[in-house]
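Chemist: structure, please.
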Amino acid sequence: MSQGYQSVLEVGCGDGFASRLIQPCVGNLSSIDFDPVFIDEARLHSRAEWSVDYHVHNILKAPFLRDSRLFDTACSLDVFEHIPSELSDLYATNIKKSISDDGVFICGCPSLESQPYASEDSKQGHVNCMNGIELKRYFSGHFKYVFLFSMNDEVLHTGFSPMAHYNFVICTAPL
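Modeler: Numbering: from 1, shown residues only. Modelled structure (predicted):
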């Protein structure tokens, strides 16, 4: 979904697994995570052919800029559900402040409907799961245009979100 963008920010990169999938499709990728252990692990597995700028940064503390410049797009997968609801606006606001006025934000997270099937350990960390309509409504308070997609297995679709195990929103025009 980020293919062709020149400057991309990955929020919550963890050990950098997805960074290696995103990087070949974009110009420059900066990947951030609040946990230095994850960033160390990502750098450990970094290769010249996967040129990624890894940084320890907590998006809840401040926006992230690369060389004082805004990003064309930002993506954050499997992060939003870990953000306590009282900090959700801070998360969204700092991401908006990290991308340009015509920037795109892609957010993906497990659906509320998937949680009965999640492990107990997973449920403890998933403090902010929403159904697809709630997710779209939430991000509509931060972006002018929000498009909801759902996912089952490896199939991304625009179908009936209450049956989805994972939801994506593609957001444009930060408010």
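
Chemist: may I ask you to name the longest strand in the chain?
Modeler: strand 99-110 (DSSP state E).

Chemist: so which elements touch that one?
Modeler: With contacts taken as 3 or more C-beta pairs under 8 Å, 6 or more residues apart in numbering; DSSP states H and E, strand 99-110 sits against strand 71-77, helix 132-140, strand 166-174. To be clear about C-beta, it is placed using only N, CA and C from the backbone, and glycine gets the same treatment.

Chemist: who touches it?
Modeler: When contacts are defined by C-beta atoms under 8 Å, 6 or more residues apart in numbering, strand 99-110 is touched by residues 1-2, 5, 9, 70-81, 95-96, 118, 126, 129-130, 135, 139, 143, 151, 165-174.

Chemist: and stretch 12-24, by the same measure?
Modeler: With contact meaning C-beta under 8 Å, 6+ apart, stretch 12-24 is reached by 2, 8, 10, 29, 31-35, 38-39, 41-43, 45-46, 50-52, 54, 59, 75-79, 82.

Chemist: OK, contacts around the residue nearest to the spatial centre of the chain?
Modeler: Centrality entry for the chain: nearest residue to the mean C-alpha point is Ser76, 0.7 Å, by C-alpha atoms, centre = their mean. Going by C-beta under 8 Å, 6+ apart, Ser76 touches 10-12, 95, 105-108.

Chemist: bridging across strands, which residues link to the residue nearest to it when sequence neighbours are not counted?
Modeler: Of all residues not flanking Ser76 in the chain, Val11 sits nearest, at 4.0 Å (C-beta to C-beta, 6 or more residues apart in numbering). Assessed by DSSP bridges, Val11 has beta-bridge partners Ile32.

Chemist: what pLDDT does Val11 get?
Modeler: Model confidence at Val11, given as pLDDT, is 98.

Chemist: ok, now Val155?
Modeler: For Val155, pLDDT reads 86.

Chemist: re earlier: now tabulate the helices and strands packed on strand 99-110 in a markdown table and tack on distance to Tyr91 and mean pLDDT.
Modeler: Shown next, in a markdown table, are those (distance: least, C-beta to C-beta, whole Å; pLDDT from 0 to 100):
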| stretch | distance to Tyr91 | mean pLDDT |
| --- | --- | --- |
| strand 71-77 | 8 | 96 |
| helix 132-140 | 11 | 97 |
| strand 166-174 | 13 | 96 |
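
Chemist: ok, which of these comes nearest Phe147?
Modeler: Proximity to Phe147 (C-beta to C-beta) singles out strand 166-174 among these, at 4.6 Å.
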